[in-house]
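> model this:
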Amino acid sequence: MILRDRHGIPDATLITQKKIMQTVADHDMAPNVPEGMRNLIVKALRLRTHLAENKKDVHNKRALQLTESKIRRLVKYYRRTGALPRDWVYRADTAEMLITR
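Here you go, the predicted model:
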């Protein structure tokens, strides 16, 4: 969006003939956690902080269970495809450190 809004470049793939993530990976700036999983981890962290204040919120307890289940399924997929190392494990207590890096 910065390229489009500030520099007037509507589509970077037309200029570079690569996707944005390929360009970022070429310059060794790619994140160590894939973007889809990072977004789910952020969502799980927000739900955990909400549930710390609202203990009886059963609907969001269920939403947290579903979100962490999605994270575990994605971890299995990304390990299989090689996007994550084989020994990578999602743990809720260390998830915040993972995102802030």
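
> drop to CA atoms for contacts and neighbour counts, all remaining ones
Fine.

> got the contact list for residue 83?
residue 34 (CA atoms under 8 Å, 6 or more residues apart in numbering).

> Tell me the confidence at it?
With respect to pLDDT, residue 83 has a value of 89.

> Return the distance of it relative to residue 97.
19 Å (CA to CA, to the nearest Å).

> now the residue most central in space within the chain, what's its secondary structure?
By CA atoms, centre = their mean, the chain has its centre lying nearest to residue 38, at 1.3 Å. Judged by DSSP: H, G, I helix; E, B strand; the rest coil, the three-state class of residue 38 is helix.

> Tell me the spatial nearest neighbour of it, not counting adjacent residues.
residue 99 (7.0 Å; CA to CA, 6 or more residues apart in numbering).

> okay, now that neighbour: neighbour count?
15 (other CA atoms under 10 Å).

> for residue 71, same thing?
Residue 71: 20 neighbours (other CA under 10 Å).
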